[in-house]
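A.B. asks: coordinates for the following, if possible.
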Amino acid sequence: MNEIINAIPEYVITLVVSTAIVYAFKYLENLIHAKALHAKTAQSKELWSFIEQVADTAVSSLVNAQMSGNDKFNQAITIVQDVLAKRGFTNVDVKAIESAVQAAYEKSDLTGNDTADSVKVAIQTAPNRANDLTKEDD
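C.D. replies: Numbering: from 1, shown residues only. Alright, predicted model coming up:
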């Protein structure tokens, strides 16, 4: 009977240590998973930034080219795909490249639009339009 009583603390210690090890592994698993997600997000952000830079450069290089707009767009997509392939990024979605080229086109001199933000212009002219409307009613 004394042997059983003396063995109880040993069993309790073994149980506590085993439980602590299981919880430590679960915590580390979650921590590693979170770090992997963060790394993947950071890598995607850097890749998208690189695609935007290449698209801006490609569109800028085609500003003065004697081509139609559609041809310039397709040529810019081809340039971006070639640069990405040379850098080892072979699994980039074509839609993402098209979006980056379209965004670069919108920012370029090809659009011929004023670079002012249309929302800011509307806000700045809104009080003047309100005054004009009240004067017309008089």
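A.B. asks: the residue nearest the centre of the chain and Leu62, how far apart?
C.D. replies: The residue lying closest to the centre of the chain (Cα atoms, centre = their mean) is Lys45, at 4.4 Å. For Lys45, the distance to Leu62 (Cβ to Cβ, to the nearest Å) stands at 26 Å. No exception for glycine: its C-beta is placed from N, CA and C like everyone else's.
A.B. asks: Ala39 versus the residue nearest to the centre of the chain, what's the distance?
C.D. replies: 11 Å.
A.B. asks: the strands in this protein, which residues?
C.D. replies: Remark: strands of the chain are absent; assignment by DSSP state E.
A.B. asks: would you map the helices across it?
C.D. replies: In the chain, the helices defined using DSSP state H lie at 2-61, 69-86, 94-107, 118-137.
A.B. asks: could the ones you listed be laid out in a markdown table, adding mean pLDDT?
C.D. replies: Below are those laid out as a markdown table (pLDDT from 0 to 100):
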| stretch | mean pLDDT |
| --- | --- |
| helix 2-61 | 90 |
| helix 69-86 | 89 |
| helix 94-107 | 88 |
| helix 118-137 | 55 |
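A.B. asks: next, count neighbours for Ala76.
C.D. replies: Around Ala76 there are 28 other residues, counting by other Cβ atoms under 10 Å.
A.B. asks: tell me the contacts of it?
C.D. replies: 55, 58-59, 62, 101, 104-105 (Cβ atoms under 8 Å, 6 or more residues apart in numbering).
A.B. asks: do you know how far the nearest residue to it once chain neighbours are set aside is from Lys72?
C.D. replies: Using Cβ to Cβ, 6 or more residues apart in numbering and skipping the chain neighbours, the partner closest in space to Ala76 is Ala58 (4.2 Å). Computed with Cβ to Cβ, the distance linking Ala58 and Lys72 is 9 Å.
A.B. asks: before we move on, what about Val59?
C.D. replies: 8 Å.
A.B. asks: more neighbours: which of these two?
C.D. replies: Val59 (26 against 21).
A.B. asks: surely Glu98 and Thr78 touch.
C.D. replies: No - contact criterion Cβ atoms under 8 Å: Glu98 and Thr78 do not qualify, at 11.4 Å.
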